[in-house]
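Engineer: Here is my input, please return the structure:
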Amino acid sequence: MKIIIIKKCGLGLPGKVLEVKSGYANNFLFPQQLAVVASTKNLADWEAKLKSAAKEIKVKEVQGTKLINKLQRQKVDLTLKANEQGHLYAAVAVADLVVAIKQQLKIDLVDESVELRDIIKTIGLTTAILKVNGQDVAIKINIKASA
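Structural biologist: The predicted structure is shown next:
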């Protein structure tokens, strides 16, 4: 029986067309939703799914580069608690930075897609390197002490 693998399993990666015994396909692969019968309709559906996924990836890449171009060389102000020597009680959190970017620059980011490369624990103007969607972006952060 010819099958198309639709989920990663021991037989291979999704999209691979294989010949397996019908009992194995009917009793294991189909109930576990790891494969479908390799009919012409299913093959056409799989090709369409691959094309739409590739198109979606291209759109996300374009949006990511636009977002990174918007963020580069921008300045964000943060007000955090600090002691008299100018040291913050807690390091700058990604969540605080994302909220500040949303409020001040009107750029919508997701916390999970942003990573702060260095730990920042002092007040003043700092250049921070963010990793947004896998690419490095330099952004200036002006940290002020709150009363």
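
Engineer: quick one, what contacts residue 93?
Structural biologist: For residue 93, no contacting residues are found, by CB atoms under 8 Å, 6 or more residues apart in numbering. No exception for glycine: its C-beta is placed from N, CA and C like everyone else's.

Engineer: Distance of it relative to residue 49?
Structural biologist: 38 Å (CB to CB, to the nearest Å).

Engineer: what's the answer for residue 109, then?
Structural biologist: Applying CB to CB, the value for residue 109 to residue 49 is 29 Å.

Engineer: ok, those two, which is more surrounded?
Structural biologist: residue 109 (19 against 13; other CB atoms under 10 Å).

Engineer: What is the three-state secondary structure of the closest residue to the more buried one other than its chain neighbours?
Structural biologist: Closest residue to residue 109 apart from its sequence neighbours, by CB to CB, 6 or more residues apart in numbering: residue 98 at 5.0 Å. Of the three states, residue 98 takes helix under DSSP: H, G, I helix; E, B strand; the rest coil.

Engineer: Please look at residue 98 and residue 112 and confirm they touch.
Structural biologist: No. With contacts defined as CB atoms under 8 Å, residue 98 does not count as touching residue 112, sitting 9.8 Å away.

Engineer: For the two, indicate the residue with more neighbours.
Structural biologist: Counted by other CB under 10 Å, residue 98 and residue 112 do not tie: residue 98 has more neighbours, with 21 against 8.
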